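Trainee: Provide a 3D model corresponding to the input given below.
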Amino acid sequence: MKIVFFGDSITDMGRNRESVDEIYTYGNGYPVFVASALYRKDPLKYQVINRGISGDRSVDLYARIKRDVWNEQPDVLSILIGVNDVWHEINCKNGVEPKRYEKIYDMMLEETRERLPNVKLVLCEPFVLKGRDTAAQFDKFTELYAYADIVKSLSLKYHAHFLPLQQKLNVASAKFGVEKYLYDGIHPNVAGATLIADAWLELFEEKIERLN
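Mentor: Numbering: from 1, shown residues only. Purely as a prediction, here's the structure:
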């Protein structure tokens, strides 16, 4: 079973994009924890591929989806994108507004369904916490909640599995502190990446693997 993780720096997390050695290609984020859990069960049954690229917005994913997803012919495609669509607008006025984000994301899913009709889709909720790099303009970062609603709506349209993450991070960070999960309000550290991976694995095992 081939699983492709597609997204921005939250997925990328320092992976070596040039290495031919699998061990260096996972990065330090949630994909490596998913790979670890699945490979512990059966290293011959699964193939986990990380195709996150730091800084990407939805439009960037759309531009490279043929190379990094369709050509791989995955059985499962997991997408996490959205925070840069907001963050780039805040920082350099080069973001992707909600209406355009929805259009681009919809096109990605529609064309993926056409090319890979049997692929299982996992659409991860984009998230943000009030942390080091987000606190000063957090009212603008909360616009991401509208993008999360779009992802949830598209998951219904394309019979995909929606993975909620914002509330899980809200609860955990309220108990232990934002910096223990998202060190800057956006990027996960070990605890945050593990939380995401655990949620992903729970969905995968209940909604995809058990019914496959």
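Trainee: which residues touch the residue most central in space within the chain?
Mentor: Among the residues of the chain, the one closest to the centroid is Leu80, at 2.2 Å (Cα atoms, centre = their mean). Taking Cβ atoms under 8 Å, 6 or more residues apart in numbering as the contact definition, Leu80 lies against Phe5, Phe6, Gly7, Asp8, Ile10, Thr11, Gly52, Cys124, Pro126. Yep, even glycine has a C-beta here, placed from its N, CA and C like the rest.
Trainee: These in strands, which ones?
Mentor: Among the contacts of Leu80, the ones falling in strands (DSSP state E) are Phe5, Phe6, Gly7, Gly52, Cys124.
Trainee: Number of residues surrounding the third one?
Mentor: Applying the criterion other Cβ atoms under 10 Å, we find 27 residues in the vicinity of Gly7.
Trainee: Likewise for the last one?
Mentor: Residue crowding around Cys124 was assessed by other Cβ under 10 Å; the count is 28.
Trainee: From Val59, how far out is Lys103?
Mentor: Computed as Cβ to Cβ, to the nearest Å, the Lys103 to Val59 distance reads 10 Å.
Trainee: just to revisit the earlier point, from the contacts of Leu80, which is closest to Asp149?
Mentor: Nearest to Asp149 among the contacts of Leu80: Pro126, at 10.3 Å, using Cβ to Cβ.
Trainee: quick one, what contacts the nearest residue to the closest one once chain neighbours are set aside?
Mentor: Once flanking residues are discounted, Pro126 sits nearest to Gly82: 3.0 Å by Cβ to Cβ, 6 or more residues apart in numbering. Gly82 sits next to Ser58, Tyr101, Pro126, Leu144, Tyr147, Ala148, Val151 when contact means Cβ under 8 Å, 6+ apart.
Trainee: Now intersect the residues you listed with the helices, please.
Mentor: The helices, defined by DSSP state H, take in Ser58, Tyr101, Leu144, Tyr147, Ala148, Val151 from the contacts of Gly82.
Trainee: show me the contacts for the nearest residue to the fifth one once chain neighbours are set aside.
Mentor: The shortest distance from Ala148 to any residue other than its chain neighbours is 4.8 Å, reached at Glu125 (Cβ to Cβ, 6+ apart). Contacts for Glu125 (Cβ under 8 Å, 6+ apart) come out as Ala148, Val151, Lys152, Phe162, Leu163, Pro164, Leu165, Gln166.
Trainee: List only buried entries from those.
Mentor: Neighbour counting with 16 or more other Cβ atoms under 10 Å marks Ala148, Val151, Phe162, Leu163, Leu165 as buried within these.
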